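Novice: sequence plus predicted model, see below.
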Amino acid sequence: MNEAKVLLEIITNFIEQKEGGIVSEVDEEKLYQLAVNHRVSNFLVNWAKKKATSEKIKELVLADYHKQIIKDTNENIELEQILQCFEESGVKTLVAKGVTMKEVYPQSYMRQMCDTDLLVTPKDFKKAVAILKEIGYNTFHDTEHHLILKKEPFMIIELHRKLIFGQEIGYEYFNDIIWENAVPYQNYQHIFQMKREDAYIFCITHLIRHFKSSGIQIRDVLDVYLYHKRYKSILEKEAIRKKFCEWGIETFERNIREIAYQWFEAEVIEFDEVQKFILQGLSIQNQVNFEVGNKGSKRRYFRQLLFPEFNVMKEKYPILERAPFFYQPLG
């Protein structure tokens, strides 16, 4: 796990814009691949310029860094055009996920995005699709949950009918009540974003969904750290805690938050088995046959809703026998 320790130190130094004291010997190819797998390779740029000995790795990192800046710039320009068109047409829209999460990063390019997520009201959905097609987007994939549209070379819009699938944590709250709590986005009249408390709650519930379906990445933990650190003095913590308790996810949030602060603030990091499991990322998760099982009691229901069936997981990954906080009774 030496590469993981070095990577977390590099990320911390880059965010805080300070010179690092990274002296550990590291396998540069493993370090780079780990960063790529966790979508944080652009954070390696200063390390690559000053510390990397491999010209190949240095070139790869610089290429990733410049590509991400170009991608981020184009994403911002495209989003502005889309929102302006929606605003002029009166399409009620909620910007979500990465669009607003970028705001807690020192620079928006630091937060890589796979796609841009927009929620529109049912009555405006067809109008929104027509507008996107008029400005060059083509339908790529359609589900009950959202419509995915693409525009070359790398713009992907997820136009959401709903933010969360049925039966998942927060389904009713984030699909019905969310508009009541929404606040204006920038200076728009028809474009909105979640209030800070809802954005943090959504960040955690969305992370849980990834945990049980494909895995958690360093980028996800970094989101939790930066968002909580920036707004912790003004967040309505009791309202957030009550909602987490209501949904049975208070323990999960507390432990993920503690891991986040340890990773990006602790001078010495000693990974426990849970953290090692997270750091293995998506590749290990994709090999698991995820199950939920019968709902049964409320406690059992929340545990099984939150995470893969424990017996399925522990057969493949014995470390989970020693990872109790993910599987202790919740609620």
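Specialist: Looks like it came in fine.
Novice: run a quick neighbour tally on Tyr32.
Specialist: Tyr32: 25 surrounding residues under other CB atoms under 10 Å. Where you see a C-beta, it was placed from the backbone N, CA and C, and this is true even at glycine.
Novice: surely it touches Leu44?
Specialist: Yes - taking CB atoms under 8 Å as the definition, Tyr32 is a contact partner of Leu44 at 6.8 Å.
Novice: where do the contact lists of those two overlap?
Specialist: Val61 (CB atoms under 8 Å, 6 or more residues apart in numbering).
Novice: and the lengthiest helix in the chain, what does it pack onto?
Specialist: Criterion DSSP state H: the longest helix present in the chain is helix 55-89. Applying 3 or more CB pairs under 8 Å, 6 or more residues apart in numbering; DSSP states H and E, we find helix 55-89 packed against helix 28-37, helix 45-50, strand 93-96, strand 116-120, helix 125-134, strand 155-160, strand 191-193.
Novice: Ile57: which of the ones you listed is closest?
Specialist: Taking CB to CB, helix 28-37 is the member of the helices and strands packed on helix 55-89 nearest to Ile57, at 4.6 Å.
Novice: list the contacts of that closest one.
Specialist: 3-4, 6-7, 41, 43-44, 52-54, 57, 60-61, 64, 217, 279, 281-283.
Novice: so who does the residue minimising distance to the centre of the chain touch?
Specialist: What sits nearest the mean C-alpha location of the chain, by CA atoms, centre = their mean, is Asp220, with 4.3 Å. Residues in contact with Asp220 (CB under 8 Å, 6+ apart) are 207, 210.
Novice: which stretch of helix or strand covers it?
Specialist: Asp220 belongs to helix 218-231 when assigned by DSSP states H and E.
Novice: in that helix, what's buried?
Specialist: When neighbours are counted by 16 or more other CB atoms under 10 Å, the buried residues of helix 218-231 are found to be 218-228.
Novice: let me know the closest of these to Arg209.
Specialist: The closest of the buried residues of helix 218-231, once distances to Arg209 are taken by CB to CB, is Asp220, at 10.7 Å.
Novice: show the pLDDT at that closest one.
Specialist: Looking at Asp220, its pLDDT is 93.
Novice: next one: the one 10 residues further on
Specialist: Turning to Arg230, the model gives it a pLDDT of 96.
Novice: now do the SS call for Lys150.
Specialist: Under DSSP: H, G, I helix; E, B strand; the rest coil, Lys150 falls in the strand class.
Novice: next, the contact list for it, please.
Specialist: Lys150 touches 137-138, 140, 156-157, counting by CB under 8 Å, 6+ apart.
Novice: tell me which of these is nearest to Ile256?
Specialist: Ile156 (26.7 Å).
Novice: so the closest one sits right up against His146, yeah?
Specialist: No - if you go by CB under 8 Å, Ile156 and His146 don't touch, sitting 11.1 Å apart.
Novice: report how many residues lie close to the nearest residue to Ala48 once chain neighbours are set aside.
Specialist: Nearest residue to Ala48 in three dimensions, chain neighbours excluded: Val61, at 3.8 Å (CB to CB, 6 or more residues apart in numbering). Using other CB under 10 Å, Val61 has 26 other residues around it.
Novice: so what pLDDT did Val61 get?
Specialist: On pLDDT, Val61 comes in at 97.
Novice: quick one: contacts for it?
Specialist: Taking CB under 8 Å, 6+ apart, one finds 32, 41, 44-45, 47-48, 52 in contact with Val61.
Novice: Val36 versus that one, what's the distance?
Specialist: In this view, Val61 and Val36 are 10 Å apart by CB to CB, to the nearest Å.
Novice: in what element of secondary structure is the nearest residue to His228 once chain neighbours are set aside found?
Specialist: Take His228 and drop its neighbours on the chain: the residue closest to it by CB to CB, 6+ apart is Arg257, 6.0 Å away. In this structure, Arg257 sits in helix 250-265 according to DSSP H and E.
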